[in-house]
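Student: predicted coordinates and the sequence they were generated for:
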Amino acid sequence: MSQKKQLTGGQKALRVLAVTLGSLAVLVLLLLVGVRAYFRIPVREYYRNSEPAFVIPGLSDGMIHQGLAYDDASDTFLITGYRTGGAASQLSLVSKSDGTEIKRLSLANEDGSAFTGHVGGITLYGDYVYVADVKGLMVFRKSDVENASSGDSIQSVGFFETTAADDHLRVSFTHVEGDTLYVGEFYRAQNYPTPDSHKYTTAAGDQNTALILAYPLDETAPLGISDTIRCAYSIPDLVQGMCFDGNGNICLSTSYAVAFSHIRIYNAQKEEGTVTVLGQTVPRYVLDSSTLVEDIKLAPMAEEIAAVDGKLYTMDYTADYQLDALLEAKFTSAKYCYATDLSKYSTKK
């Protein structure tokens, strides 16, 4: 009769440790699968209608991405991002055709000092590149961007302010469509309030909390912008970016932290009275439930957006040193800028 081998105390401890570690590994795996399912399943339609366009540059270099614009002259995307620790904010250029990063530049103030502020959106017109800052737009020469080598610094040539004696618009995002420059603000009651005069209860009963201002563009004007506001758009809270969809509709991206993002598409033609902003009284158009054309749900932290050839390019905020953004990036494939086929949605109403 064989005798059962007795385990020593050390062997028993190792067996318990192995079982414990194995159980923990299974629990971690189940957690990862569960979290990924939580982030992916509710937005599976978005991923089904989208494809990765390019890997967002600088993910491991501390670049905290904010702005996205497309330059059709060079078939290039322009991406802004700020950094922590006193490092200069950056501008990255990415080829649309193959998704590679062409170069990355540091941003400098008019006096040549490093610009270390929280850059927001970006857009361009003629020989000007506009980058959102708290009090307006930093302005750069597009020719300087084109002539600079990767790693160089480009110097601002001016600043377009969106402040007045008793009013201000804190620019978060910006966009150029045709001969019009749009600048918009982000509202969140807890930490990003807007002036009360910017808030509006629409005829449909929506409580809008922020504005987009439209300025005429003129290459002969200082910095290419006329300071006479053409009109204003009343918008909801948490707006991170805007563009037009090619059918005359305005697309707004909304997000904050790890809540799911939305791309809301509005008919932009409904006018409701006027609004006085920055000392000018202008027509007010409303983007609310009555003008909503489509609501696309997508992964958290969507930032600025750009529409190119019927596709909506969306980039997420991916500060990989922050836990929430790191988790979101790991579980939702946020390392990519996605291109969404707008023809899959009812955007022609």
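Tutor: In hand now; what should we look at? Residues are numbered from 1 along each chain as shown.

Student: so, low pLDDT: which residues of the stretch 51-200 of the chain?
Tutor: Per-residue confidence for the stretch 51-200 of the chain (pLDDT under 70) gives no ranges below the cut-off.

Student: ranges for the helices of it?
Tutor: In the stretch 51-200 of the chain, helices defined by DSSP state H, counting those that start in this stretch lie at 142-147, listed in chain order.

Student: what about the strands in the stretch 201-349 of the chain?
Tutor: 207-208, 210-216, 231-235, 239-244, 249-254, 261-267, 271-277, 280-286, 292-298, 302-308, 311-316, 336-341 (DSSP state E, counting those that start in this stretch).

Student: any idea which of these scores lowest on pLDDT?
Tutor: Taking the average pLDDT of each of the strands of the stretch 201-349 of the chain, the minimum falls on strand 311-316, with a mean of 90.

Student: re earlier: for the strands of the stretch 201-349 of the chain, which one sits closest to residue 87?
Tutor: Comparing the strands of the stretch 201-349 of the chain against residue 87 with Cβ to Cβ, the closest turns out to be strand 302-308 (19.3 Å). Bear in mind the C-beta positions are built from the backbone N, C-alpha and C, glycine included.

Student: same for that closest one, what does it pack against?
Tutor: Of the remaining helices and strands, those touching strand 302-308 by 3 or more Cβ pairs under 8 Å, 6 or more residues apart in numbering; DSSP states H and E are strand 64-71, strand 239-244, strand 249-254, strand 261-267, strand 311-316.

Student: the same query, at a cut-off of 7 Å, please.
Tutor: If you count contacts as 3 or more Cβ pairs under 7 Å, 6 or more residues apart in numbering; DSSP states H and E, strand 302-308 packs onto strand 64-71, strand 239-244, strand 249-254, strand 311-316.

Student: reformat these into TSV and put distance to residue 42 and mean neighbour count next to each item.
Tutor: Written out in TSV, the entries for the helices and strands packed on strand 302-308 read as follows (distance: least, Cβ to Cβ, whole Å; neighbours: other Cβ atoms under 10 Å):
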stretch	distance to residue 42	mean neighbour count
strand 64-71	23	24
strand 239-244	19	25
strand 249-254	16	24
strand 311-316	16	25
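
Student: for the closest residue to residue 274 other than its chain neighbours, grab the count of nearby residues.
Tutor: Leaving aside its chain neighbours, residue 274 sits nearest to residue 281 (5.3 Å; criterion: Cβ to Cβ, 6 or more residues apart in numbering). A count of neighbours around residue 281, defined by other Cβ atoms under 10 Å, yields 11.

Student: rewinding a little: closest to residue 146 out of the strands of the stretch 201-349 of the chain?
Tutor: Distance to residue 146, taken as Cβ to Cβ, is lowest for strand 302-308 among these, at 18.9 Å.

Student: the closest one pairs with which strands?
Tutor: Sheet partners assigned to strand 302-308 using DSSP bridges are listed as strand 311-316 (antiparallel).

Student: okay, the angle between the strand it pairs with and strand 239-244?
Tutor: For strand 311-316 against strand 239-244, the angle between stretch directions is 160 degrees (axes from the mean of the first three to the mean of the last three Cα atoms, to 10 degrees).

Student: show residues contacting strand 311-316.
Tutor: Contacts of strand 311-316 from elsewhere in the structure, counted by Cβ atoms under 7 Å, 6 or more residues apart in numbering, are 53, 56, 65, 68, 251, 253, 263, 298-299, 301-306, 334, 337-342.

Student: only whichever of the residues you listed are buried, select them in PyMOL.
Tutor: With 16 or more other Cβ atoms under 10 Å as the burial test, the buried ones among the contacts of strand 311-316 are selected in PyMOL as follows:
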select buried, resi 53+56+65+68+251+253+263+298+299+301+302+303+304+305+306+334+337+338+339+340+342
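
Student: so for the helix or strand harbouring residue 10, mean pLDDT?
Tutor: Residue 10 belongs to helix 9-40 when assigned by DSSP states H and E. Here helix 9-40 scores 64 as its mean pLDDT.

Student: tell me the helix or strand right after it.
Tutor: Of the helices and strands lying after helix 9-40 in sequence (DSSP H and E), the nearest is helix 44-48.

Student: C-alpha coordinates for that next one, PDB please?
Tutor: Extracted in PDB, the C-alpha atoms of helix 44-48 (Å, rounded to 0.1, in the frame of the first residue of the first chain):
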ATOM      1  CA  ARG A  44     -20.700  49.300 -30.100                       C
ATOM      2  CA  GLU A  45     -22.600  51.100 -32.800                       C
ATOM      3  CA  TYR A  46     -20.100  53.900 -32.800                       C
ATOM      4  CA  TYR A  47     -17.200  51.400 -33.200                       C
ATOM      5  CA  ARG A  48     -19.100  49.500 -35.800                       C
END
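
Student: name the residues that touch it?
Tutor: Here helix 44-48 makes contact (Cβ under 7 Å, 6+ apart) with 40, 296, 297, 298, 340.

Student: any buried residues in that helix, and which?
Tutor: Of the residues in helix 44-48, those buried under the neighbour-count criterion (16+ other Cβ under 10 Å) are 46, 47.

Student: how near is residue 169 to residue 218?
Tutor: In this structure, residue 169 and residue 218 are 20 Å apart, going by Cβ to Cβ, to the nearest Å.

Student: my bad, should have said residue 141
Tutor: Following Cβ to Cβ, the distance that separates residue 141 from residue 218 is 17 Å.
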